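Participant: Whatever this is, show me its structure:
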Amino acid sequence: MASTDTTPAQDSGSVEAGLDALETTVGGRTPFRQTFVQKILPPIAAIVLVLVVWSLLTPIVDDPSKLPSPGAVADEFKNSWLQGELLGYIWTSVSRGLLGFLLALAIGTPLGLLVARVRFVRAAIGPVLSGLQSLPSVAWVPPAVIWLGLDNNMMYAVILLGAVPSIANGLVAGIDQVPPLFLRAGRSMGATGLKGARHIVMPAALPGYLAGLKQGWAFSWRSLMAAEIIAPSPDLGIGLGALLEYGRNASSMAMVFEAIFLILFVGIAIELLVFNPLERRVLRSRGLLVKS
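Facilitator: The predicted model follows:
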């Protein structure tokens, strides 16, 4: 008769196997029906609901100068496309926003490292960065115009002043949440100075840093729109903010709505195509997001 007794080693092995089974991800592709119901259908339903409510409100307001019909806004999009200007509006703003964000990234990252790792620097400029982050970016447009004139340098200056504090503060917050054990282990292996920042501090602070990057992009985009709205110039080209201001000057609510929808579209596209995949990758690499 075979014995049914199990040893402690076998028990621990079965427990580990059970835990591994719980963490095992399910392979295979997600059915299209499930993807459609969970990810595609909800935003479509929300858009349809907005269009229905909008269409019902239009005859009630009965004033195109205050609330244009969906058809009037669609005609504005159609005219911009047929005239070859629609993509130009988008590219003018997106190219400025991305370049300004990259400049802010190059400045805000080392600044955040310096503030987080040097006590004197944190005491000196840490509160200033927090104050700058809370200052509305629109407040920088008038002095930037006076200092730099109506050119792209003014636009980039406003973007930097709006985005750098957010990126730096996000990195500082991420570094503050790094367990001290990681830093001590890194120092024991010789990872100090720039080497420690590259191999220990930055990877450990990546979730907080990524949150700062998302906020930095939001501030970059908002700062750029503020600059384009307040200080439009034909020499700078027509971006989305300038399109919004031109629509206001022309009392064309259809053009105003066109600009608003394009601004929203760019913001949502950058979030879905850039930051969401990065965030999922970082969370999954840390076991915080299980791929099912």
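Participant: Tell me the spacing between Leu244 and Ala144.
Facilitator: Look at Leu244 and Ala144: by C-beta to C-beta, to the nearest Å, they are 19 Å apart. Every residue, glycine included, has its C-beta placed from N, CA and C.
Participant: Also Ala242?
Facilitator: 16 Å.
Participant: How about Asn249?
Facilitator: 22 Å.
Participant: Please apply the same query to Asn152.
Facilitator: In terms of C-beta to C-beta, Asn152 sits 11 Å off from Ala144.
Participant: which of the two has more neighbours?
Facilitator: Ala144 (24 against 15; other C-beta atoms under 10 Å).
Participant: Let me see the confidence value for that one.
Facilitator: pLDDT for Ala144: 90.
Participant: for it, helix, strand, or coil?
Facilitator: helix (DSSP: H, G, I helix; E, B strand; the rest coil).
Participant: I'd guessed it sits against Val158; true?
Facilitator: Yes: applying C-beta atoms under 8 Å as the test, Ala144 and Val158 come out as touching, 5.2 Å apart.
Participant: any low-confidence regions in the stretch 1-150 of the chain?
Facilitator: Low-confidence segments of the stretch 1-150 of the chain, defined by pLDDT under 70: 1-30, 36.
Participant: again, only using 90
Facilitator: Counting by pLDDT under 90, the stretch 1-150 of the chain has low-confidence residues at 1-48, 50-51, 54-55, 57-67, 84, 112-114, 116-142, 145, 148-150.
Participant: Contacts only, for the nearest residue to Phe77 once chain neighbours are set aside.
Facilitator: Closest residue in space to Phe77, ignoring its immediate chain neighbours: Glu258 at 5.9 Å, by C-beta to C-beta, 6 or more residues apart in numbering. Glu258 makes contact with Val73, Glu76, Phe77, Ser80, Leu243, Gly247, according to C-beta atoms under 8 Å, 6 or more residues apart in numbering.
Participant: Could you pull up the mean pLDDT of the strand or helix carrying Glu258?
Facilitator: Applying DSSP states H and E as the criterion places Glu258 in helix 253-270. Averaged across helix 253-270, the pLDDT comes to 92.
Participant: Buried residues, it. List them.
Facilitator: Buried residues in helix 253-270, defined by neighbour count with 16 or more other C-beta atoms under 10 Å: Met253, Ala254, Met255, Val256, Phe257, Glu258, Ala259, Leu262, Ile263, Val266, Gly267, Ile270.
Participant: any idea how far Pro42 is from the residue nearest the centre of the chain?
Facilitator: Centroid check for the chain by C-alpha atoms, centre = their mean gives Lys214 as the closest residue, at 3.3 Å. Counting by C-beta to C-beta, the separation of Lys214 from Pro42 is 22 Å.
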